[in-house]
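> sequence-free structure coming up:
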């Protein structure tokens, strides 16, 4: 082996770490106006909300098709169609009850492309709406690395029956390389 060459271990070759980092960087470049939230920050916000001591409310929007959502999603996530009508998501944002706390709307998909589309569209639609009586701050985010990163980190997910799961739909054989292989599940 030449000086300066490195070989990756079998474990490193299986890990999507470098590829995930590159994918996240690519999503940020493709959608520069979309704000990103890290998985650890979202996890912290969700735990604070669950304990009722958070200063923020969180609304999760899963922008994957039903086939993927049914295998796993982040608990309490609402499924939306990334290319369809976002009125249900906008209605849900308006329905959030506690207007005294800021609302963080976090969209996610498998790796971040579809959810970045949703986040960008929601941001544009919210700017068109009259603010009404509410001065509530609303922040729209894409979950950086989306569900694949979330699942790879072993964070909480559930299936369509509300049962805890560690599995996720790999979307495709190409994009599925960003999801640890032992977490792959193509159908229920």
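Everything's here; your move. What you see is a predicted model, and the numbers here were worked out from it, not measured in a lab.

> can you give me the strands for this protein?
For the chain, strands defined by DSSP state E occupy the ranges 35-37, 57-62, 78-79, 103-108, 138-143.

> same list (the ones you listed) but as a markdown table, adding distance to residue 164, mean neighbour count and mean pLDDT.
From N, CA and C alone the C-beta is placed, and that goes for glycine too. Output for the strands of the chain, formatted as a markdown table (distance: least, CB to CB, whole Å; neighbours: other CB atoms under 10 Å; pLDDT from 0 to 100):
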| stretch | distance to residue 164 | mean neighbour count | mean pLDDT |
| --- | --- | --- | --- |
| strand 35-37 | 23 | 18 | 98 |
| strand 57-62 | 16 | 22 | 95 |
| strand 78-79 | 18 | 16 | 94 |
| strand 103-108 | 18 | 25 | 96 |
| strand 138-143 | 19 | 22 | 96 |
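
> check which residues of the longest helix seen in the chain are buried.
When the chain is parsed with DSSP state H, its longest helix is helix 113-128. Residues of helix 113-128 classed as buried by neighbour count (16 or more other CB atoms under 10 Å): 113, 114, 115, 116, 117, 118, 119, 120, 121, 122, 123, 126.

> look up the closest residue to residue 154, ignoring the ones flanking it.
With sequence-adjacent residues excluded and distances taken as CB to CB, 6 or more residues apart in numbering, residue 154 is closest to residue 166, at 7.0 Å.

> how deep is that neighbour tucked in, by neighbour count?
Residue 166: 14 surrounding residues under other CB atoms under 10 Å.

> for it, what are its contacts?
Applying CB atoms under 8 Å, 6 or more residues apart in numbering to residue 166 gives the contacts 72, 151, 154, 157, 183.

> one more time with 7 Å
151, 157, 183 (CB atoms under 7 Å, 6 or more residues apart in numbering).

> right, and residue 115 touches residue 106 too?
No - distance between residue 115 and residue 106: 8.5 Å, which falls outside the contact criterion (CB atoms under 7 Å).

> can you list the residues that contact stretch 144-154?
Stretch 144-154 is contacted by residues 16, 20, 24, 36-39, 74, 108-112, 115, 143, 157, 166, 168, 178-180, 183 when judged by CB under 7 Å, 6+ apart.

> return the subset of the residues you listed lying in helices.
Per DSSP H, helices hold the following members of the contacts of stretch 144-154: 20, 24, 39, 115.

> make a markdown table out of those and add pLDDT and distance to residue 161.
Below are the ones in helices among the contacts of stretch 144-154 laid out as a markdown table (pLDDT from 0 to 100; distance: CB to CB, whole Å):
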| residue | pLDDT | distance to residue 161 |
| --- | --- | --- |
| 20 | 95 | 29 |
| 24 | 96 | 31 |
| 39 | 97 | 24 |
| 115 | 98 | 23 |
